[in-house]
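Just the structure for this:
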Amino acid sequence: MRALTASLLAVVVLAGCGGSSTPQPAGSIKVTMTEFNFDPASISAPAVKVVFYLVNGGNGTSHNLIIRDGSGKRVAGSELVSAGDSVVFTVDSIAAGTYTFYCDQAGHEASGMKGKLTVN
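I've put the predicted structure just below:
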């Protein structure tokens, strides 16, 4: 009986451990991703190094944040973030200008999951 109780307690404790959520670093830009939206959808950031704190607040779909320049060239991209998780995404070198960011999962950008990044 004692072994069964200990096993059940271990399962309860492990079930409480979430995914790979990371605390938000000071000075980072928080972006919440849901189906099919970025919040905020318009971001201003300083040139050279930009740190994003990506939070997937969606209902089960993984999302990412891809940055492309005005010519459509991919500049940088985050890893996929599972629902309920958060990650820190750092772009170490980005020039001043206007960029588009979007989720490159099938159909997400076409469903409106995109935004504007202005780097000053």
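
Return the residues in contact with Asn64.
By Cβ atoms under 8 Å, 6 or more residues apart in numbering, the contact list for Asn64 reads 54, 77-81, 103-105. (C-beta placed from N, C-alpha, C; glycine too.)

out of those residues, which is most surrounded?
In terms of neighbours by other Cβ atoms under 10 Å, the contacts of Asn64 top out with Cys103 at 27 neighbours.

For it, what are phi and psi?
The phi/psi pair for Cys103 (degrees, to the nearest 10) reads phi -100, psi 130.

how about the nearest residue to Val50, chain neighbours excluded?
Residue nearest to Val50 in three dimensions, not counting chain neighbours: Val91, with 4.7 Å by Cβ to Cβ, 6 or more residues apart in numbering.

show me the contacts for the one you found.
49-52, 67, 75-76.

Same check on Ile66?
74, 76-78, 101-104.

In the helix or strand hosting Thr100, which residues are buried?
Secondary structure from DSSP states H and E places Thr100 in strand 97-102. If you call a residue buried by 16 or more other Cβ atoms under 10 Å, then strand 97-102 has these buried ones: 99-102.

Other residues contacting it?
Contacts of strand 97-102 (Cβ under 8 Å, 6+ apart): 38, 43, 65-70, 75, 108-109, 113-119.

hmm, 10 Å instead?
Outside strand 97-102, the residues that touch it by Cβ atoms under 10 Å, 6 or more residues apart in numbering are 31, 38, 41-43, 45, 47, 52, 63-70, 72, 75-78, 91, 108-110, 112-120.

Tell me how far the spatially most central residue of the chain lies from Ser71.
Nearest to the mean C-alpha position of the chain, by Cα atoms, centre = their mean, lies Leu54 at 2.9 Å. Distance, Leu54 to Ser71, by Cβ to Cβ, to the nearest Å: 25 Å.
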